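Student: give the three-dimensional model of this entry:
(one chain, ligands or ions: 1)
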Amino acid sequence: DDSLNPRVDAVKPSRTVAISDQANALVQAGVPVIRLAAGEPDFDTPAPIAEAGINAIREGHTRYTPNAGTLQLRQAISHKLKEENGITYAPDHIVLSNGAKQSLAQAVLAVCSPGDEVIIPAPYWVSYPEMARLADAVPVILPTSIDNHFLLDPKLLQSKITQRSRLLILCSPSNPTGSVYPKKLLQDIAHIVANHPRLLILSDEIYEHIIYAPATHTSFASLPGMWDRTLTVNGFSKAFAMTGWRLGYIAGPKHFVAACGKIQSQFTTGPNSIAQKAGVAALGLGYAGGEIVANMVKAFRERRDFLVKSFREMEGLKISEPQGAFYLFIDLSYYYGREAEGFGRIDDSESLCRYLLDKGQVALVPGSAFGDDTCVRISYAESLTILQEAVERIKKALAPLS
Ligand code: PLP
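Tutor: Numbering: from 1, shown residues only. I've put the predicted structure just below:
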């Protein structure tokens with residue numbers, strides 16, 4: 001009997017992971033593919049953080065930690081959230097997990113009952129709808145428009161809230177669009193949330209530090225009246241280039257985070273002890289990661305500027321300039337419906353990405369994976385030299401289609 005739990009059939013595997021794996025396999029087979037599909041900084045973990053991890057092993061910090069994470073790291077996070085985000089969370093309002101992904105999944109599982117609605121603005125991070133499905137909840141996708149920088153229209157939100165609405169998932173700066181929600185828009189959303197006592201906000205702030213002035217980050221929980229209604233998720237993977245360490249956290253009202261901790265206690269217990277020591281060192285780098293993080297953000301910004309300029313010169317494209325994260329989500333639907341010699345018809349973001357991989361040897365992620373088939377996602381967590389080569393290849397591959 002090969003039968004599986006019906007949940008498994010309801011859930012799609014992560015397409016970003018699948019495409020990255022495919023591109024990696026091609027590279028291993030000797031094909032010189034440029035990989036711009038993964039959501040991972042190209043930088044190594046900064047030395048002071050890595051050293052703290054090595055010292056943690058030497059000093060014997062290699063045992064189980066408390067389920068919610070060490071008090072030392074929760075205190076450091078509590079301090080960070082106060083100083084940088086203007087939110088007061090005591091250490092017992094914080095649960096550390098093996099990555100922000102685990103924190104998000106546990107939050108969805110903890111607060112949603114079967115049939116509850118999880119409101120997700122599109123384009124969305126691939127995992128949100130699947131997390132809702134795993135909780136037997138129903139994802140309610142609200143489209144946004146590139147002309148409005150992929151930001152949620154509060155009127156649309158208002159019109160989609162029902163008795164069953166339980167969660168609204170916000171991600172700012174956004175993966176995949178790089179959009180940053182301005183404070184005013186968050187305030188408008190907060191006014192709507194205030195009128196719907198059952199609705200909670202799951203605020204994914206993992207790209208918080210990767211933001212390009214004059215854009216600024218606002219934590220939803222810092223808005224008046226929203227502390228009680230918000231679960232704040234953040235982590236170490238992106239700003240501190242610590243993807244492989246697996247460390248993230250949730251902060252919120254005790255009732256909810258304790259529920260997340262309860263689920264965690266039966267799944268994984270506390271996160272990696274070595275990563276937690278490294279996490280303390282990461283928060284010790286200074287305000288918003290200090291100079292080390294500022295230098296990485298500077299490099300991301302140069303790359304963003306280069307890509308935006310290059311693609312703006314091309315025919316038929318639509319771009320919303322990203323204000324944060326390290327992704328460009330460009331509308332390439334101009335090329336849909338065209339025939340490519342030796343390839344066939346390009347119909348959608350999926351076939352366009354296959355074409356760009358075949359002919360241009362550049363791996364991108366189709367927008368359909370993020371709920372917007374007009375676009376493709378380019379991750380610019382790569383050196384400027386590689387990005388220059390990628391742009392040349394994309395231009396060359398698209399030229400015969402114009
Ligand atoms: N949230 C968003 C929007 C992401 O892009 C990612 C990683 O790709 C995560 C959460 C998960 O990060 P972590 O590595 O901490 O699990």
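
Student: quick one: the strands in the stretch 1-150 of the chain?
Tutor: For the stretch 1-150 of the chain, strands defined by DSSP state E, counting those that start in this stretch occupy the ranges 34-35, 94-97, 117-122, 138-143.

Student: chain center to the second one, what's the gap?
Tutor: For strand 94-97, the distance from its own C-alpha centre to the chain's C-alpha centre is 18 Å (CA atoms, centre = their mean, to the nearest Å).

Student: adjacent strands (with direction) for that strand?
Tutor: Next to strand 94-97 in the sheet, as set by DSSP bridges, lie strand 248-251 (antiparallel).

Student: quick one: the partner strand near the ligand?
Tutor: Yes. Contact of strand 248-251 with the ligand (CB under 6 Å from any ligand atom) involves G248. For glycine as for every other residue, the C-beta is placed from the backbone atoms N, C-alpha and C.

Student: run through who's touching that strand.
Tutor: Strand 248-251 has contacts (CB atoms under 8 Å, 6 or more residues apart in numbering) with 69, 77, 81, 87, 89, 93-104, 106-107, 206, 221, 231-237, 257, 260.

Student: which ones among those also lie next to the ligand?
Tutor: Near the ligand, judged by CB under 6 Å from any ligand atom, the entries from the contacts of strand 248-251 are 99-101, 206, 235, 237.

Student: dump these into TSV; add neighbour count and distance to Y181 as well.
Tutor: Converted to TSV, these look like this (neighbours: other CB atoms under 10 Å; distance: CB to CB, whole Å):
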residue	neighbour count	distance to Y181
G99	24	23
A100	22	18
K101	20	21
I206	25	14
G235	30	19
S237	22	21
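
Student: so who does the closest residue to the ligand within the stretch 251-400 of the chain touch?
Tutor: Of all residues in the stretch 251-400 of the chain, A325 sits closest to the ligand, at 7.6 Å by CB to the nearest ligand atom. By CB under 8 Å, 6+ apart, the residues touching A325 are 173-175, 178, 207, 210, 238.

Student: ok, and which of these reach the ligand?
Tutor: Okay, of the contacts of A325 touching the ligand (CB under 6 Å from any ligand atom), that's N175.

Student: how many other residues sit next to N148?
Tutor: Neighbour count for N148, taken as other CB atoms under 10 Å: 11.

Student: in the chain, what residue sits furthest out from the centroid?
Tutor: D1 (37.2 Å; CA atoms, centre = their mean).

Student: among the contacts of strand 248-251, which ones are in helices?
Tutor: When DSSP state H defines the helices, the subset of the contacts of strand 248-251 inside them is 77, 81, 100-104, 106-107, 257, 260.

Student: widest-spaced pair of these?
Tutor: Farthest pair in the ones in helices among the contacts of strand 248-251 (CB to CB) is L81 and K101. Separation: 19.6 Å.

Student: ok, the closest residue to the ligand within the stretch 1-150 of the chain to E208 distance?
Tutor: Minimum separation of the stretch 1-150 of the chain from the ligand (CB to the nearest ligand atom) falls at G99, amounting to 2.7 Å. With distances taken as CB to CB, to the nearest Å, G99 is found 16 Å from E208.

Student: so in this structure, where's the weakest helix or strand by average pLDDT?
Tutor: helix 15-28 (a mean of 82; mean pLDDT, DSSP states H and E).

Student: packing partners for that one?
Tutor: Helix 15-28 is packed against strand 34-35, helix 349-360, strand 362-363, strand 365-366, with contacts defined by 3 or more CB pairs under 8 Å, 6 or more residues apart in numbering; DSSP states H and E.

Student: angle of it against helix 349-360?
Tutor: With axes from the mean of the first three to the mean of the last three CA atoms, to 10 degrees defining the directions, helix 15-28 sits at 10 degrees from helix 349-360.

Student: list the buried residues in helix 15-28.
Tutor: By 16 or more other CB atoms under 10 Å, the buried positions in helix 15-28 come out as 15-16, 19-20, 22-23, 26.

Student: can you check stretch 156-167 too?
Tutor: 157, 161, 165-167.

Student: let me see the contact set for the residue nearest to the spatial centre of the chain.
Tutor: By CA atoms, centre = their mean, the mean C-alpha position of the chain lies nearest to N175, the distance being 4.4 Å. Going by CB under 8 Å, 6+ apart, N175 touches 39, 125, 206-207, 325, 327.

Student: where does pLDDT dip in the chain?
Tutor: Low-confidence segments of the chain (pLDDT under 70): none present.
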